[in-house]
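Asker: Kindly return the folded structure for what I paste below:
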Amino acid sequence: MHWTVGHVADHGAHIDLILGHWGGGSSAEDRFAVSLEYRILDNGPALMVIDSEKRDIAKSSLIGRPLNRADIVGGPLAEQIFAICDSALLQDLRLAEF
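Answerer: You can find the predicted model right below:
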């Protein structure tokens, strides 16, 4: 996650995830990057999938490819991504500002 402490309401935050296979026998080609934007709107907090190819995570040697918004929205991966983000935001005390 990338944000300015004390300014989430003003600037939001970015979340970059690396998903896929890890462990013995896996390589960067078995993993992909997903990026989201966290914003506080008039009606509360919101997460939106964005193109990860425009984020620094796209250059990571840990991934084989960055996914774009169109690769995720409306597909089966979307539910898993939002569940991961929700879990982190609710359970990780370092993210209490959110």
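
Asker: mind listing the strands for the chain?
Answerer: 2-3, 13-20, 31-41, 44-50, 65-66 (DSSP state E).

Asker: For the longest one, list the C-alpha coordinates in PDB.
Answerer: So the one you mean is strand 31-41. Extracted in PDB, the C-alpha atoms of strand 31-41 (Å, rounded to 0.1, in the frame of the first residue of the first chain):
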ATOM      1  CA  ARG A  31       2.500 -14.400 -11.000                       C
ATOM      2  CA  PHE A  32       0.700 -11.200 -11.900                       C
ATOM      3  CA  ALA A  33       0.100  -7.700 -10.500                       C
ATOM      4  CA  VAL A  34      -3.200  -6.100  -9.600                       C
ATOM      5  CA  SER A  35      -3.600  -2.500  -8.600                       C
ATOM      6  CA  LEU A  36      -6.500  -0.700  -6.900                       C
ATOM      7  CA  GLU A  37      -7.200   2.800  -5.800                       C
ATOM      8  CA  TYR A  38      -8.700   3.600  -2.400                       C
ATOM      9  CA  ARG A  39     -10.800   6.800  -2.100                       C
ATOM     10  CA  ILE A  40     -13.000   8.300   0.500                       C
ATOM     11  CA  LEU A  41     -16.200   9.400  -1.300                       C
END
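
Asker: how far out from the middle of the chain is that strand?
Answerer: Taking the mean of its C-alpha atoms, strand 31-41 sits 4 Å from the chain's own mean (Cα atoms, centre = their mean, to the nearest Å).

Asker: And for the first one?
Answerer: Averaging C-alpha coordinates over strand 2-3 and over its chain gives two centres that are 11 Å apart (Cα atoms, centre = their mean).
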